[in-house]
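S.K.: based on what follows, work out the 3D shape:
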Amino acid sequence: MCLEQSGAWLRGAPSNKLMKSHGDIVVCSLVERSNLIRSVKWLSRHVPGCVLRSLFDTILRARTIEEAKKAQKKSLQLRRACAEHKILVDENNILDNETMQVQLQQHDSDEMNDLTISFQSTATIEDVENILPVTEGHDGALLFVDISGFTRISVMMDVESLSNAINTYFQKIVNEITSHGGDVLKFAGDALFAEWKVGAHRNLDDCVTIAATCAGDIVDKYSEYPVLPKAIGYNTLSRRTQPIDRENSEPTRRGSVSSTISGGSNQKPFTQRLPASRRNSVSSTVSTDVTLSVKCAVGSGHIVSIHVGDDISRREYLILGDTIGQVARAESAASQGEVFASPEAVRCLMNSGTVLSGDWKEDLELGRPVKIADHGVRFFQVKCRNSISNVRDAETMLRSCDMLDASELHWLKRMISLYVHPVVVNYDNELEPTRRGSDQERHLAEAELRNVYTCFISLAVDYTLTGYFETDQKLFNLLNDIMILTTRELGKVQGHLRQYILDDKGLVLICTFGLRGSTFPNMITQRAVPFSLSIHRALEEDLGVKNTVGATFGKVYCGVVGGLDRHEFAVLGPSVNLAARLMISKINPGVLVDKNVRLLTSQLYFKPLPAVEAKGYDEAVAIYEPIKHAAENPLGQGKRKFIGRADEINQILQMAKEVLLGGPFSKMFFISALSGSGKSALISHTTELVREMIKKLNKRLIITRHVCNDGDSRIPFR
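M.R.: Residues are numbered from 1 along each chain as shown. Now for the predicted structure:
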């Protein structure tokens, strides 16, 4: 009977609904978890493996503490039970319950003391996070790979072809590095840094040997790498790369980069078919082979990695040490298709038994970088090639995402997102899980050609490591303060930080306006140029850091740069190179801008300076120094002569007077009008009149004001 009743209950409608509801919850939870893991894996490809390792180590530390806490609690319970049993069976002491409890409490206090309290207060991931800046020192080999040719093709190809060309080439180089066991640390525009860290199974000499071998393979395979066929102005350029004459021709079908176009010998060269505005930026040698080339530099020694930023807005991963200077000097000595190694790296090669050939002894004695490879010719021979594991730490760590609980996954995604460009993070958050697509499709979806304001900031900071803890810690704190100040200033005007990096140009900040989520009306006048001036001033006044700023505006490639397994969001194009050129110009008085910025900026005077030569431009480029207009009123300050709006002013003054005289109600007013119609000027002028009225009435009143442009955020009252 019971079985029948049970069966009837199982067949009942309420049970089916309950089970269905429970099943839906489980399915939704599994789908959400799967999407979360997928998102973590996608974002993790924008950060180096060493950053992932540090985040997973934090999770493991939290777990270890939590397990220790549980074990300690279990041990306490066991000891308490033993003590209770001992007291109860003591034949010589028949104790009442109150006395027994006192002894047990004393026993607990003696056993657990401060250790238990410590474990109980540090059981979450947030509690075991290190306070920034976080630093780590290690020995290793550093490889710098510099690619040339991207600027040239960026003005010749559509966005899809350009994205394919860039990432196909980077994919080959990244694969070469990872197959040799290296970790890609940074993409610096059209260059990258990779590292081989000393570990349990390889010493510094082994690391340098592997890095040099990898560099030799890269220049051997990928120097003079063809992207487009020869004589692209004559019958061989892809349809995808032709500018369309909307008035005199029909749109062409989509084709591959390697496809040909129809036409006779009378077809105009490519540069003549371009609009005049673009024709000047295309190199005059465009009719020759369109290729990408590469050169490499190898250094070795002690490297210090540092995590800077905060847990809210943004983080960056920096590397410091003499090794950076080594590869910078070696890269400047190298030409395309060559590999140069620092004297320190060459000595490591010799220690590993590598045989060197060529004229290297004199350079080594004079402390100059040494050429160790030139295209297919290598001037070093490795006696015993080190075994290289193809197992990638990043992939191994990401497989363990399946073993993380929901809170750990959410924390991991949040922390990884801090190291990733906001455009990528916002795109991932807004994209529906069912529309994420393949990795290649997402690369193309994130890539575009846009008009972007690019701002390079060179920081005059002595980043030499002394080896003394207090001195070096001051440097680390300064680097972190610079990061926080920059994100703060960018947050006021909703700009983007592209990168914070130490490379061959020194310590550099790269900021942008005009990308997705950072495009606004009057962007150049109201946001971009004011930011360039304010960050220049804030770095000097708040942190005592001398700096120079170079800013440009122009069409650039915006999208993912790198391979499928390791890449970063970047901006590439002639205007980006020009901004870097203006930043390091010897005639830079503090802030320099190009002609496009000057033409799009109002309310500022510009001082013209001698034109400069820049990569990607056939002619010298006009540059200017922005100077604040002498008669300009800063936002929030009233004008000396204000005309009109008498009715509105009287209404506001009457409301303020009622408040001053102790009226029973608070007063509030709103002003709505078109942009540029004088709302800010009206408020500023009226505020000054209220101040005068307060003095006449001998009242005490605090006036706070919030001054911002349309869409500004996180600006405190002042």
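
S.K.: low-confidence ranges in the stretch 251-400 of the chain?
M.R.: 251-289, 384-395 (pLDDT under 70).

S.K.: tell me the domain boundaries of the chain?
M.R.: 14-128+390-419, 134-227+291-388, 231-245+256-288, 439-628, 634-718 (automatic domain parsing).

S.K.: dump those domains into TSV; add mean neighbour count and distance to Leu431 as well.
M.R.: Every residue, glycine included, has its C-beta placed from N, CA and C. TSV is the format used below for the domains of the chain (neighbours: other Cβ atoms under 10 Å; distance: least, Cβ to Cβ, whole Å):
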stretch	mean neighbour count	distance to Leu431
domain 14-128+390-419	14	9
domain 134-227+291-388	20	18
domain 231-245+256-288	14	26
domain 439-628	19	8
domain 634-718	12	23
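
S.K.: out of these, nearest to Tyr427?
M.R.: domain 439-628 (6.1 Å; Cβ to Cβ).

S.K.: quick one: mean pLDDT over that closest one.
M.R.: Domain 439-628 comes out with an average pLDDT of 92.

S.K.: please renumber so the chain begins at 26
M.R.: Sure, I'll start counting at 26 from here, so that last one is domain 464-653.

S.K.: and it, how far out from the chain middle?
M.R.: 13 Å (Cα atoms, centre = their mean, to the nearest Å).

S.K.: now swap in stretch 435-447 and tell me
M.R.: Distance, centroid of stretch 435-447 to centroid of chain: 11 Å (Cα atoms, centre = their mean).

S.K.: for stretch 177-185, same thing?
M.R.: Here the centre of stretch 177-185 is set off from its chain's centre by 24 Å, with Cα atoms, centre = their mean.

S.K.: need the domains of the chain in a markdown table (columns: distance to Val450).
M.R.: As requested, the domains of the chain are exported to a markdown table (distance: least, Cβ to Cβ, whole Å):
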| stretch | distance to Val450 |
| --- | --- |
| domain 39-153+415-444 | 5 |
| domain 159-252+316-413 | 10 |
| domain 256-270+281-313 | 30 |
| domain 464-653 | 10 |
| domain 659-743 | 17 |
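
S.K.: quick one: the helices in the stretch 476-625 of the chain?
M.R.: Along the stretch 476-625 of the chain, counting by DSSP state H, counting those that start in this stretch, helices occupy 494-518, 548, 554-568, 599-608, 620-625.

S.K.: what's the answer for the stretch 126-275 of the chain, then?
M.R.: Remark: helices assigned in the stretch 126-275 of the chain by DSSP H, counting those that start in this stretch are 150-153, 175-179, 184-204, 229-247.

S.K.: any idea which of those helices scores lowest on pLDDT?
M.R.: The bottom spot among the helices of the stretch 126-275 of the chain, by mean pLDDT, belongs to helix 150-153, with a mean of 63.

S.K.: contacting residues for Arg541?
M.R.: By Cβ atoms under 8 Å, 6 or more residues apart in numbering, the residues touching Arg541 are 448, 451-452.

S.K.: ranking those residues by neighbours, who comes first?
M.R.: Val448 (20 neighbours; other Cβ atoms under 10 Å).

S.K.: now the longest helix seen in the chain: how far from the chain's centre is it?
M.R.: Secondary structure of the chain per DSSP state H: the longest helix is helix 74-113. Centre-to-centre, helix 74-113 and its host chain are 37 Å apart (Cα atoms, centre = their mean).

S.K.: swap in stretch 694-704?
M.R.: 37 Å.

S.K.: nearest to Asn675, out of the helices of the stretch 126-275 of the chain?
M.R.: Among the helices of the stretch 126-275 of the chain, the nearest to Asn675 by Cβ to Cβ is helix 150-153 (54.0 Å).

S.K.: coming back round to it: Asp643: which of the helices of the stretch 126-275 of the chain is closest?
M.R.: Nearest of the helices of the stretch 126-275 of the chain to Asp643, taken as Cβ to Cβ: helix 175-179 at 11.9 Å.

S.K.: rewinding a little: in helices, which of the contacts of Arg541 fall?
M.R.: Reading helices off those with DSSP H, I get 448, 451-452.

S.K.: going by distance to Glu717, which of these wins?
M.R.: Asn451 (46.6 Å).

S.K.: wait, the closest one sits on Gly542?
M.R.: Yes - using Cβ atoms under 8 Å, Asn451 is in contact with Gly542, at 5.6 Å.

S.K.: what's the longest strand in the chain?
M.R.: strand 315-334 (DSSP state E).

S.K.: between that one and helix 229-247, how many degrees?
M.R.: 140 degrees (axes from the mean of the first three to the mean of the last three Cα atoms, to 10 degrees).

S.K.: all helices for the stretch 326-475 of the chain, in order.
M.R.: 347-358, 368-376, 386-390, 418-424, 431-444, 447-455, 464-471.

S.K.: switch the ones you listed over to TSV; also include distance to Ala96.
M.R.: Supplementary listing: these in TSV, determined by distance: least, Cβ to Cβ, whole Å:
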stretch	distance to Ala96
helix 347-358	43
helix 368-376	45
helix 386-390	57
helix 418-424	26
helix 431-444	20
helix 447-455	38
helix 464-471	42
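
S.K.: any idea which of the ones you listed gets closest to Leu625?
M.R.: helix 447-455 (22.1 Å).

S.K.: export only the CA atoms of the closest one, formatted as PDB.
M.R.: Provided in PDB are the C-alpha atoms of helix 447-455 (Å, rounded to 0.1, in the frame of the first residue of the first chain):
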ATOM      1  CA  PRO A 447      38.100  48.000 -21.600                       C
ATOM      2  CA  VAL A 448      37.000  47.600 -25.300                       C
ATOM      3  CA  VAL A 449      37.500  43.800 -25.100                       C
ATOM      4  CA  VAL A 450      36.000  43.500 -21.600                       C
ATOM      5  CA  ASN A 451      32.900  45.500 -22.500                       C
ATOM      6  CA  TYR A 452      32.500  43.500 -25.800                       C
ATOM      7  CA  ASP A 453      32.700  40.200 -23.900                       C
ATOM      8  CA  ASN A 454      30.200  41.400 -21.300                       C
ATOM      9  CA  GLU A 455      27.700  42.700 -23.800                       C
END
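
S.K.: which residues are contacting it?
M.R.: Applying Cβ under 8 Å, 6+ apart, the contact partners of helix 447-455 are 64, 67-68, 71, 339, 442, 470-471, 521, 540-542, 583, 585, 594.

S.K.: and it, what's its mean pLDDT?
M.R.: The model assigns helix 447-455 a mean pLDDT of 89.

S.K.: and that helix, how far out from the chain's middle?
M.R.: Chain-centre distance of helix 447-455: 13 Å, with Cα atoms, centre = their mean.

S.K.: so it versus helix 494-518, what angle?
M.R.: Put simply, helix 447-455 runs at 60 degrees to helix 494-518, going by the same axes, to 10 degrees.

S.K.: just give the nearest non-adjacent residue to Trp385, would you?
M.R.: Leaving out its chain neighbours, the residue that sits closest to Trp385 by Cβ to Cβ, 6 or more residues apart in numbering is Val395, at 4.7 Å.

S.K.: okay then, goodbye and thanks.
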